[in-house]
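In: Give the three-dimensional model of this entry:
(chains A and B)
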Amino acid sequence: MSQFLLDVRRLACSFPPGRHVLNACIDRYHFTVGLAAAVVSGRVSLLPSSQAPQMARQLGAFAADAICLTDEPDCSVALPQLPYPSEPPGGCVEVAAAAAQEVPQVDHAQLAAYVFTSGSTGTPLPHRKSFGPLVSCVREEARRLGLTGGARWAILATVPPQHMYGFESSVLLALGCGHALCAERPFYPADIAAGLERLPRPRALVTTPVHLRVLLGSGVALPPVDLVLCSTAPLARQLAADAERRFDARLLEIYGSTETGQIAIRRPTHAPEWHLWTGVSLEPEADGTRARGGHIEQPTLLPDVLEMTGPESFLLHGRASDLVNIAGKRSSLAYLNHQLNSIPGVEDGAFFHAVEPTRSHIGVARIAACVVAPALDAARLLEALRERIDAVFLPRPLLFVARLPRNDTGKLPLAALQSLAAQAKSATPA
Amino acid sequence: MSDQVASLRHPAATANADALTAEVAGLIVQALNLEVTPAQIAPDQPLYGEGLGLDSIDILEIALVVSKQYGVQLRADSGENTRIFGSLRQLVEYIIAHRTK
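Out: Numbering: from 1, shown residues only, chains lettered A, B, ... in the order given. Here you go, the predicted model:
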């Protein structure tokens, strides 16, 4: 704790002038020091939704004074970089030692971060996150998870700290509720199992359906844990049951969004219903559900179809069709289409769901695209897309066609696109 | 460079590696539902990022298939991670060295 305060004060003293810090640290401890150093020095952390090169340029345009805090030796973010850890400037060591004697007090209303989603017009949308609401949200989470009994939990997460779910359920849950976080972000099943094994109990695993499926399928011996937390995409009930059995633990699932943060929880092996955070209310609307109240700073239209089953409980019936969620990274077909059609040489193009997302519980459902671009080949088009969108959204398959199957009104019926994809697949040489 | 190394090996070992390379390429194409044929994956082409264009979710998927098929558990903290997925050839060499079935 005292080392953390010292690290925070040293880094806070090392920041160049300017108010915005893109925190790209991979190590969760480095990230947390960066976040806290920004908070205590009155700076705002920028948490991007994607690592695509265009995102850094757009964040630079959003905040001209933005620097990038990075712990990677070959960080490619095109902003002025502050490497971490590095020696603080002269004088900082003494200043920090004095300041680290006390735990900083932070104003409830202080702006702590902007978390970005990809807007539908090509510009990332910033969402304000004030310190007080962030902390009250994760304290509610701690109560719901049973992490308030005085025991100090150790939290291991497979999700990045920049993603809203990882930000809340690993970084803030530890920082705001007196628990310990694991600096590393284990990737392979054997890494996750070994990482858990090293932790004292009680210990929690914060993960996603993608990681859980690979972890359970790999045959790696799993150590017992005391809680498994899952979010970012619908979790099949059977997978939840397997996880509970193999880990000998409760599995709780979180529902939330970048805009609202987490707002509901359920235990899928016990009941399909979600239970809302205190003070949050949901109202069905024509094209989604409006969430407001509690820690939510800005009423938000969630692109999900929900059915209220009580004042604080609901069933989730699926995503509105424009939304794309791949492995916790979210975008919309409108945004992806905008990016595709802004590439020089693309005359017309559209992304679509080659298979219905709900029908593909096994594996990750990718999205397909049809494009009219006689002057481009697949490699050049993919290279241009890679510049603009996160790699998980790169089309698979990418179909080059003479024209898109638009109907009389110019619309693209999904069935026509899917049949194009099916024809192309059957024509591929085996 | 790696071609020269391969040519120095015992012919039977090279033949086995070639067969395994084709098999692993087939597993990758099948697991990831790729549009290419196994033979189209050049053994020295990068798998990750540019090259074949796989991302971290794909790499996890390959790790799962490789663990099921060959009993090889990949580890990121072995420090070899970048190299293992540097190319199909390197992945196959890693499998040969570590397979338990």
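
In: The most centrally placed residue in chain B: which element?
Out: Computing the C-alpha centroid of chain B and ranking residues by Cα atoms, centre = their mean puts residue B:91 first, at 3.1 Å. Secondary structure from DSSP states H and E places residue B:91 in helix B:88-98.

In: which helices and strands sit right next to that helix?
Out: helix B:11-32, helix B:56-70, helix B:81-84 (3 or more Cβ pairs under 8 Å, 6 or more residues apart in numbering or on different chains; DSSP states H and E). For glycine as for every other residue, the C-beta is placed from the backbone atoms N, C-alpha and C.

In: That one: which residues count as buried?
Out: B:88-95, B:98 (16 or more other Cβ atoms under 10 Å in any protein chain shown).

In: before we move on, back to that, next one, pLDDT for the residue nearest to the centre of chain B please.
Out: Looking at residue B:91, its pLDDT reads 93.

In: wait, isn't it in contact with residue B:72?
Out: No. In this structure residue B:91 lies outside contact range of residue B:72 using Cβ atoms under 8 Å: 9.7 Å.

In: circling back: identify, from the buried residues of helix B:88-98, the entry nearest to residue A:369.
Out: residue B:88 (25.9 Å; Cβ to Cβ).

In: who's in contact with residue A:22?
Out: A:45-46, A:48, A:56, A:59, A:66-69, A:77, A:79 (Cβ atoms under 8 Å, 6 or more residues apart in numbering or on different chains).

In: Check residue A:252 too.
Out: A:144-145, A:227-230, A:265-267.

In: check which helix or strand covers it.
Out: strand A:250-257.

In: residues from chain B in reach of chain A?
Out: Contact residues (Cβ under 8 Å from any Cβ of the partner chain) of chain B with chain A: B:31, B:33-35, B:37, B:49-50, B:53, B:55-57, B:60-61, B:63-64, B:67-68, B:71, B:73-77, B:81.

In: what residues go with each domain of chain A?
Out: Here the domain parsing of chain A from automatic domain parsing is A:1-105, A:130-320, A:324-427.

In: that older thread, overlap of the contact sets of residue B:91 and residue B:72?
Out: What both residue B:91 and residue B:72 touch, as defined by Cβ under 8 Å, 6+ apart, is the set residue B:66.

In: Hmm, residue A:265 is touching residue A:256, no?
Out: No. Counting by Cβ under 8 Å, residue A:256 is not a contact partner of residue A:265; they are 9.4 Å apart.

In: For residue 37, grab the count of nearby residues.
Out: All of this is about chain A. Look at residue A:37: counted by other Cβ atoms under 10 Å in any protein chain shown, it has 25 neighbours.

In: look at chain B instead
Out: 13.

In: and the residue nearest the centre of chain A, what is it in contact with?
Out: By Cα atoms, centre = their mean, the mean C-alpha position of chain A lies nearest to residue A:163, the distance being 2.9 Å. Each residue near residue A:163 by Cβ under 8 Å, 6+ apart is listed here: A:47, A:232, A:328-329.

In: ok, now with 10 Å
Out: A:47-49, A:115, A:157, A:169-170, A:208, A:231-232, A:258, A:328-330 (Cβ atoms under 10 Å, 6 or more residues apart in numbering or on different chains).

In: Quick one, which of those are buried?
Out: Looks like the contacts of residue A:163 have A:47-49, A:115, A:157, A:169-170, A:208, A:231-232, A:258, A:328-330 buried, using 16+ other Cβ under 10 Å.
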